[in-house]
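Student: With the input below, show me the fold.
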Amino acid sequence: MDSSAQGGKAFGILKSQQEEKLNSINEAFLTDTKYAEEEDLAQKLEMFKQKYMEFDLNDKGDIDMMGLKRMLEKLGLTKTHLELKKMMSEVTGGTSKDTISYNDFLNMMLGKRNAILKLILMFEGMGKEQEQKAVGPPSRKTFSDLP
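Tutor: Predicted coordinates for the structure are as follows:
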């Protein structure tokens, strides 16, 4: 058996364990009265979970500095180490942790605080929705449109 398949399988198991962990955190948020007023909470949590898993590169269930850096680079934003640190401390509420936990991430996305990262992700999400709406067959040209 080649080792890459083994690694991939282990990675798959890690990912599914991680997803279960995130799902249970989502459940807690769904039953939290603090977010009872939040519209489409279940859909939002599912979306946040997907986004979070995409950038949890250390598979420990946290987004570390490299994960954050890669997340932003994917969105076309390059940040300095200092900027990344500042963003992380905004998300974690000023604690000097090197990782963003899923709880921190959800508190940021659903909370009232406008962390830079939240604004970036919201903006990116809105950009995607706009693009989807614009897609469709091109409007038909009529003779009067011809030069």
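
Student: hey, let's count contacts and neighbours off CA atoms from now on
Tutor: OK.

Student: What does the pLDDT read for the one residue sitting closest to the centre of the chain?
Tutor: Nearest to the geometric centre of the chain sits Lys51, at 2.8 Å (CA atoms, centre = their mean). Looking at Lys51, its pLDDT reads 86.

Student: Show me the strands in the protein, by range?
Tutor: 62-64, 99-101 (DSSP state E).

Student: strands paired with the last one, and their directions?
Tutor: Note on strand 99-101: by DSSP bridges, its sheet partners are strand 62-64 (antiparallel).

Student: measure Glu19 to Glu46 for me?
Tutor: 10 Å (CA to CA, to the nearest Å).

Student: These two: who's more crowded?
Tutor: Using other CA atoms under 10 Å, the more surrounded residue of Glu19 and Glu46 is Glu19, with 17 against 14.

Student: Look up how far Lys74 lies from the nearest residue to Phe55 once chain neighbours are set aside.
Tutor: In space, and not counting its chain neighbours, Phe55 is closest to Gly67: 5.1 Å by CA to CA, 6 or more residues apart in numbering. Here the criterion is CA to CA. By it, Gly67 lies 10 Å from Lys74.

Student: neighbour count winner among the two?
Tutor: Counted by other CA under 10 Å, Gly67 and Lys74 do not tie: Gly67 has more neighbours, with 19 against 10.

Student: per-residue pLDDT, that one?
Tutor: 88.

Student: pretty sure it contacts Lys51?
Tutor: No - look at Gly67 against Lys51 with CA atoms under 8 Å: they stay out of range, at 11.4 Å.

Student: So for stretch 84-93, mean pLDDT?
Tutor: 88.

Student: which of the residues in it are buried?
Tutor: Leu84, Lys85, Lys86, Met87, Met88, Ser89, Glu90, Val91, Thr92 (16 or more other CA atoms under 10 Å).

Student: Touching, the first one and Lys69? I think so.
Tutor: It stands for Leu84. Yes - if you go by CA under 8 Å, Leu84 and Lys69 touch, sitting 7.0 Å apart.

Student: number of nearby residues for the residue nearest to Gly61 when sequence neighbours are not counted?
Tutor: Excluding its sequence neighbours, the residue lying closest to Gly61 (CA to CA, 6+ apart) is Gln18, at 6.1 Å. By the criterion of other CA under 10 Å, Gln18 has 18 neighbours.
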